[in-house]
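**Q** For reference, the sequence and a predicted model appear below.
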Amino acid sequence: GKFGEYGGQYVPEALMPAITELTDAYERYVLENEDGFMDEFRRRLRDFGGRPTPTQYAERLSERYDCNVYLKREDLVHGGAHKLNNALGQVLLAKYMGKERIVAETGAGQHGTATAMAAAHLDMPCEVYMGKRDINRQRPNVFRMRLNGSTVTPVTAGRGTLKEAISETMRDWATNVEDTHYVIGSVVGPHPFPAMVRDFQSVISEEARGQMREKTGGLPDAVLACAGGGSNTMGAFAEFVDDEDVALYAVEAGGSSLSVDEESGVAPNSASLSTGREGVLHGARTKILQDRDGQIMESHSVSSGLDYAGVGPELAHLVDEGRVTAANVDDDAALTAFHRLSQLEGIIPALESAHAFAYLEENRGELGDSVLVNLSGRGDKDLESVIEETEKR
Ligand SMILES: Cc1ncc(COP(=O)(O)O)c(/C=N/[C@H](C(=O)O)[C@@H](O)C(C)C)c1O
């Protein structure tokens, strides 16, 4: 469960039985397709999730950047984001493991709603832990989770955001490991989570690689994806990692500035790959925004889905190896890209996904003739906050 020096299983002893059981299930069902698990996963992704998603040629962006821009439309997955790929896989695995209850954490609420939908679809009771602050700024998603029959439990510890929600969920899991599975929201956490979530999300690049060959007769020169925990990034990159000629760009949230004042404990961005340092968070060694005493810093982003002080260990390793370029764009550029895609292509992107389009705008002409951008989700959930932000600026 190591990716170079990153990854591993830094968890309290009490959690090891659950981790060991999950690792065994991951190896049997996901890696070896025991009992046809992966066949059922793919069938449900098609019939319930609406896959495959298009790899669409973006005519107006291609004109603007004088290169061929293709969009991987994960905004068209049921629920409006790539999050369902992972949530469906993990809830189905919980069923195969004989678990009777699901717990999950969420920040932007996309992962929470995806888990609630998958749990309803597979008739599993589900409890989602969500920071009090996030509940207030993501009300539509809270409503959706409850509509799907999930319980949303407010987390009031600390700042009441994702970090505390993850800790609370891990505590619940350690207590109820007999009948409960923890559906983690990204390629983070102790092994086997980062590898398993990457495997569930790799359907994105499996499809996209074939669609690009079909449409262009070859592979893209570059693949761009936004990175919060790193799951849509790892999903969009997985099948291209061995294609040396395909450049891979992980675009993080540059927030309002990249300068990190280690005294204040507050980072005005979430660019863990670029400004983070090695440390342990949520059970894995990875790159983290931390102050000089090693305390996890408060992160920032205009998009709550990228507002996370850590990042997936595999992604951190690929950046250290030079296989993935760690990029970032600031809040303003992401908001401008949000409006630009809406006007030019008639697609309102999630604010998270808009970060990848901002990077395309800032690096036009330098990314090659054929560029694939992973559109991780749609922007309906962001309308309120974008209206507010736009009026403020
Ligand atoms: C539409 C959309 N695009 C990208 C992301 C970033 O998550 P990753 O793909 O795991 O880097 C997200 C992240 N959403 C999480 C959530 O909804 O709970 C997020 O808040 C946390 C996992 C960090 C998202 O909603």
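**A** It's in. Numbering: from 1, shown residues only.

**Q** From here on, just use CA atoms for contacts and neighbour counts.
**A** Noted.

**Q** what residues does the stretch 1-150 of the chain put near the ligand?
**A** 81, 106-112 (Cα under 6 Å from any ligand atom).

**Q** Kindly report the same for the stretch 251-393 of the chain.
**A** Residues of the stretch 251-393 of the chain lying near the ligand (Cα under 6 Å from any ligand atom): 304-306, 308, 350, 352-353, 376-377.

**Q** In helices only, show me these.
**A** 352-353 (DSSP state H).

**Q** which of the residues of the stretch 251-393 of the chain next to the ligand sit farthest apart?
**A** Y308 and G377 (17.4 Å; Cα to Cα).

**Q** tell me the contacts of the closest residue to G310 other than its chain neighbours?
**A** Nearest non-adjacent residue to G310, counting by Cα to Cα, 6 or more residues apart in numbering: I288, 4.5 Å away. When contacts are counted by Cα atoms under 8 Å, 6 or more residues apart in numbering, I288 is found next to 272-273, 276-281, 296, 309-311.

**Q** do the same with A157
**A** By Cα under 8 Å, 6+ apart, the contact list for A157 reads E164.

**Q** cool, and H181?
**A** Going by Cα under 8 Å, 6+ apart, H181 touches 91, 94, 99, 101-103, 173.

**Q** I'd like those laid out as TSV, including pLDDT, distance to R364 and secondary structure.
**A** Compiled in TSV, those are given as follows (pLDDT from 0 to 100; distance: Cα to Cα, whole Å; DSSP: H, G, I helix; E, B strand; the rest coil):
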residue	pLDDT	distance to R364	secondary structure
V91	98	40	helix
A94	98	44	helix
K99	98	49	coil
R101	98	47	strand
I102	98	44	strand
V103	98	42	strand
W173	94	46	helix
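
**Q** Turn the residues you listed into TSV, columns for neighbour count.
**A** Output for the contacts of H181, formatted as TSV (neighbours: other Cα atoms under 10 Å):
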residue	neighbour count
V91	28
A94	22
K99	17
R101	21
I102	24
V103	27
W173	21
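
**Q** Which of the residues you listed sits closest to the ligand?
**A** V103 (12.9 Å; Cα to the nearest ligand atom).

**Q** what about the closest one, distance to G158?
**A** Between V103 and G158 the computed distance is 20 Å (Cα to Cα, to the nearest Å).

**Q** and what of E388?
**A** With Cα to Cα as the criterion, E388 and G158 are 26 Å apart.

**Q** Give the burial count for the closest residue to the ligand within the stretch 251-393 of the chain, as a bare number.
**A** For the stretch 251-393 of the chain and the ligand, the shortest gap (Cα to the nearest ligand atom) falls at G305, measuring 3.5 Å. G305: 23 surrounding residues under other Cα atoms under 10 Å.

**Q** what sits against it?
**A** Neighbouring residues of G305 by Cα under 8 Å, 6+ apart: 107-108, 110, 228, 352.

**Q** And the pLDDT at L360?
**A** Per-residue confidence (pLDDT) for L360: 98.

**Q** tell me the contacts of it?
**A** By Cα under 8 Å, 6+ apart, the contact list for L360 reads L367.

**Q** do the same with S257
**A** With Cα under 8 Å, 6+ apart as the criterion, the residues that contact S257 are 268-269, 330.

**Q** what do you get for E207?
**A** 52-53.

**Q** Find the helix or strand that it is a member of.
**A** Per DSSP states H and E, E207 falls inside helix 203-216.

**Q** same question, A225
**A** Going by DSSP H and E, A225 is part of strand 222-226.

**Q** Okay, helices next: where are they in the stretch 201-350 of the chain?
**A** For the stretch 201-350 of the chain, helices defined by DSSP state H, counting those that start in this stretch occupy the ranges 203-216, 231-237, 272-275, 313-320, 331-345.
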